[in-house]
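# coordinates for the following, if possible.
(2 chains)
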Protein chains: 2
Amino acid sequence: MADQVAGAIDIGGTHIRVSLVSDRGEVLTAATLPTLTGAGSAQVCVRRMHGQLVRQCAQRGLGLADLRGVGIVCAGPIDCRRGEIHNPYTLPGWEAYNIVASLRACTGLLVTLEHDVNGALLGEVFLNSWQGKRVLMISFGTGIGVAVYDRDRSFRAGTTYHPEMGHVVVDACLTNACYCRHGGCFESLWSGSALQARAQALGYASFDDLFARWQAGETAAQGEMERLQRYFRAGVWNLMTIFKPDILVLGGGLMQRYYDFCAGLIRRDLDGLEDFVESYQIFPMALEDGSAVVGASRLVFGDAALTA
Amino acid sequence: MADQVAGAIDIGGTHIRVSLVSDRGEVLTAATLPTLTGAGSAQVCVRRMHGQLVRQCAQRGLGLADLRGVGIVCAGPIDCRRGEIHNPYTLPGWEAYNIVASLRACTGLLVTLEHDVNGALLGEVFLNSWQGKRVLMISFGTGIGVAVYDRDRSFRAGTTYHPEMGHVVVDACLTNACYCRHGGCFESLWSGSALQARAQALGYASFDDLFARWQAGETAAQGEMERLQRYFRAGVWNLMTIFKPDILVLGGGLMQRYYDFCAGLIRRDLDGLEDFVESYQIFPMALEDGSAVVGASRLVFGDAALTA
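This next block holds a predicted model:
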């Protein structure tokens, strides 16, 4: 029997990936569109997504109607139940836009919307055959995205938006500004952009520079790196002690360079605390760029319980 | 039709409450036994619990076999699935004791074991008719106990022990000792005993004394109370932003005096952050002493999904 095929779309702040993905997780076709922002841009982008799906289907000798459906993952805040995007931060002009209804109207297909971080985790779960496990993913990029998969479903809290778990506070005495209004939150200290800004404010060329000087034993870098490690351990501990996953996945741009360092920090920090965290394994993301698209396709093939 | 009746037992570090509770949540009978610790003490206590159940049944004109079952709630760590207590901290001598098997053997009844904090929350949910809601309970006593009820089940993480969510770190730069090995955890700063010890170390008679002097405007108390409020807001924020409950319940000895103050702090802190916490209400525990016993009875009447 031929594989079933889904449309899979990953909408980020700078570009939109459109792919066809088989039910075995194979990415069959791929294209990237620029993300437009401002009034009317969502409508333009949806027309282009539709065009891409038609073109990619033709490449594979398929018609649109041969697709099982379309899964979309998008940077939040989004309202998955209503199918609406409410993200003035990275998608201005798309506010209250019902992308599910729009794409359904032009394609005639079943369309499903999910947060990008949940989508990426669904992709990782599928690609690694982690169904039946509890998996915590922390993604260190522009922000800190956190998702939890618990055996057969994405962890959801509240009724609308994905919980912003990257904003757990690790130093209540800090008063640095974050849009969560809580100084000392994990994202404001350990997102890739926060580390970069902090290192530069201290006179280093970059976080890489600070890190290299610390490793080379430069005295001036010691205090700062000691403090940053405390924050990192606390942020991860706060999530690990609440969710006690079987598997911790570390992803995001920062982990392409610092995975080994960070995984080592966590292992040393949690060693001997089995009453609190039980047993766990740590892995880097398998497909840093592609997990979200594979995850988007899994929304269509229905291995995750989508309702809260 | 006559009410159904369950045995309900709440095992704490100093005493054990034994009651009969109706399926309408009415506490029909009650007695308190001292908690014995050390070798052999668990066996002695189980014999006494059995005796109490027999006596209380007789008071109500019942035989043991008329009970629908027995629910036990106990201070963790406990292994609910195996029915074992592993709590060397407050129940030394009960380690690896299978209380479910022992009490089942002498009573012939179905026996169920649950963490006390989950039990208290189940009791609150039942007494307030909060079935179908998401409820977060934070109990400020000797430690900080946290439980989450999500529509029809107690939140569980890991495979064995209840997640020790009171140990989220709120100040990663502190190096005070806690058995979780993480300085600056919420419990080490805001449990009733931690506040007391901290106030006394600063020369106050008690936390009540520190609080009263702060309210009276004494300059020396301002910095310390400002810092403690930061910790409190961060600890509650860390849990609220992850679980986004419909209802937050504040319990434990500390809240008998400070509920209004603490609820006010939380409301001011979260005002305007609906993207993060959505809408919620705050309540004090309805039955500070009795919720755990009512919750224990609900284990028997089966309104909570018990498996993880």
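
# flag the shaky bits of chain A, pLDDT-wise.
A:1, A:303-308 (pLDDT under 70).

# please parse it into its domains.
Taking automatic domain parsing as the criterion, chain A consists of the domains A:5-115, A:129-284.

# of the ones you listed, which is nearest chain B?
Shortest distance between chain B and the domains of chain A, using Cβ to the nearest Cβ, is found for domain A:129-284: 3.3 Å. Any C-beta I mention is one placed from the backbone N, CA and C, and that applies to glycine too.

# related to what we said a few turns ago, can you redo the domains of chain A as TSV with mean neighbour count?
Formatted as TSV, the entries for the domains of chain A read as follows, by neighbours: other Cβ atoms under 10 Å in any protein chain shown:
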stretch	mean neighbour count
domain A:5-115	19
domain A:129-284	19
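
# so what strands line up beside the one helix or strand A:Ala8 maps to?
Counting by DSSP states H and E, the secondary-structure element that holds A:Ala8 is strand A:5-11. Here strand A:5-11 is paired, per DSSP bridges, with strand A:15-22 (antiparallel), strand A:70-74 (parallel).

# how about it as PDB, C-alpha atoms only?
Once non-C-alpha atoms are left out, strand A:5-11 reads as follows in PDB (Å, rounded to 0.1, in the frame of the first residue of the first chain):
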ATOM      1  CA  VAL A   5       0.900  12.000   2.600                       C
ATOM      2  CA  ALA A   6       0.200  15.100   4.600                       C
ATOM      3  CA  GLY A   7       0.900  18.800   4.000                       C
ATOM      4  CA  ALA A   8       3.100  20.200   6.800                       C
ATOM      5  CA  ILE A   9       3.700  23.900   7.400                       C
ATOM      6  CA  ASP A  10       6.000  25.500  10.000                       C
ATOM      7  CA  ILE A  11       5.400  29.300  10.400                       C
END
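
# contact partners for the residue lying closest to A:Ser41 once chain neighbours are set aside?
The shortest distance from A:Ser41 to any non-neighbouring residue, by Cβ to Cβ, 6 or more residues apart in numbering or on different chains, is to A:Gly93 (4.8 Å). For A:Gly93, the contacting residues are A:36-42, taking Cβ atoms under 8 Å, 6 or more residues apart in numbering or on different chains as the criterion.

# hmm, back to that, so how far is the strand holding A:Ala8 off the chain centroid?
Averaging C-alpha coordinates over strand A:5-11 and over its chain gives two centres that are 15 Å apart (Cα atoms, centre = their mean, to the nearest Å).

# right, and A:Gly25 touches A:Ser297 too?
Yes. Under the contact definition of Cβ atoms under 8 Å, A:Gly25 touches A:Ser297, with a separation of 7.4 Å.

# wait, A:Gly184 sits on A:Ala177?
No. Counting by Cβ under 8 Å, A:Gly184 sits too far from A:Ala177 to count as a contact (10.8 Å).

# any part of the longest helix along chain A near chain B?
Longest helix in chain A, counting residues (DSSP state H): helix A:219-243. Yes. Helix A:219-243 comes into contact with chain B (Cβ under 8 Å from any Cβ of the partner chain), by way of A:227, A:230-231, A:233-234, A:237-238, A:241-243.

# who touches the helix or strand that that helix is followed by?
Stepping forward along the backbone from helix A:219-243, the first helix or strand reached (DSSP H and E) is strand A:247-251. Strand A:247-251 is contacted by residues A:120-121, A:124, A:130, A:133-140, A:236, A:240, A:259, A:262-263, A:266, A:280-285, A:288, A:291 when judged by Cβ under 8 Å, 6+ apart.

# partner strands of strand A:247-251, with direction?
The strands beside strand A:247-251 in its sheet (DSSP bridges) come out as strand A:134-140 (parallel), strand A:281-284 (parallel).

# check contacts around A:Phe186.
So, once contact is read as Cβ under 8 Å, 6+ apart, A:Phe186 ends up touching A:144, A:166-170, A:231, A:234-235, A:238.

# A:Cys185 and A:Glu164 touch, don't they?
No. Proximity of A:Cys185 to A:Glu164 does not meet the contact threshold set by Cβ under 8 Å, at 9.1 Å.

# now do stretch A:98-112: distance to the chain's middle.
Shown here is stretch A:98-112, whose average C-alpha point lies 23 Å from the average C-alpha point of the whole chain (Cα atoms, centre = their mean).

# picking that back up, which other helices and strands contact the longest helix of chain A?
Packed against helix A:219-243, as judged by 3 or more Cβ pairs under 8 Å, 6 or more residues apart in numbering or on different chains; DSSP states H and E, are the following elements: strand A:134-140, strand A:144-150, helix A:186-190, helix A:207-215, helix A:253-270, helix A:274-277.

# if we use 6 Å, what do you get?
Here helix A:219-243 touches helix A:186-190, helix A:207-215, going by 3 or more Cβ pairs under 6 Å, 6 or more residues apart in numbering or on different chains; DSSP states H and E.

# moving C-terminal of the shortest one, what's the next helix or strand?
If you walk from helix A:186-190 toward the C-terminus, the next helix or strand you reach (DSSP H and E) is helix A:192-201.

# tell me the angle that next one makes with strand A:134-140.
Computed with axes from the mean of the first three to the mean of the last three Cα atoms, to 10 degrees, the direction of helix A:192-201 lies at 40 degrees from that of strand A:134-140.

# who in the stretch 101-250 of chain A is up against chain B?
Where the stretch 101-250 of chain A comes near chain B, counting by Cβ under 6 Å from any Cβ of the partner chain, the residues are A:157-158, A:163-165, A:167-172, A:182, A:230-231, A:234, A:237-238, A:241-244.

# circling back to that earlier point, let's have the contacts of A:Gly93 in CSV, adding secondary structure.
Compiled in CSV, those are given as follows (DSSP: H, G, I helix; E, B strand; the rest coil):
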residue, secondary structure
A:Leu36, coil
A:Thr37, coil
A:Gly38, coil
A:Ala39, coil
A:Gly40, coil
A:Ser41, helix
A:Ala42, helix
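
# nearest residue to the most centrally placed residue in chain A other than its sequence neighbours?
Against the mean C-alpha coordinate of chain A, by Cα atoms, centre = their mean, the closest residue is A:Val117 at 2.7 Å. Leaving aside its chain neighbours, A:Val117 sits nearest to A:Gly145 (3.7 Å; criterion: Cβ to Cβ, 6+ apart).

# now do A:Arg81
Nearest in space to A:Arg81, with sequence neighbours left out and distances taken as Cβ to Cβ, 6+ apart, is A:Thr160 at 7.3 Å.

# need phi/psi at the one you found.
For A:Thr160, the backbone dihedrals are phi -120, psi -80 (criterion: degrees, to the nearest 10).

# repeat that for A:Gly108.
According to degrees, to the nearest 10, the main-chain angles of A:Gly108 amount to phi 70, psi 10.

# the one 3 residues further on too?
Backbone dihedrals for A:Val111, given as degrees, to the nearest 10, come out at phi -120, psi 140.

# pretty sure A:Arg213 sits against A:Ala221.
Yes. Taking contact to mean Cβ atoms under 6 Å, the distance of 4.4 Å between A:Arg213 and A:Ala221 places them in contact.

# now the end-to-end length of stretch A:272-292.
Stretch A:272-292 has an end-to-end distance of 34 Å (Cα to Cα, to the nearest Å).

# follow-up on the earlier one: who's the residue nearest to A:Val117 bridged to?
A:Ser139.

# so it sits right up against A:Asn118, yeah?
No. Shown here, A:Gly145 and A:Asn118 do not form a contact pair, counting by Cβ under 6 Å, at 9.2 Å.
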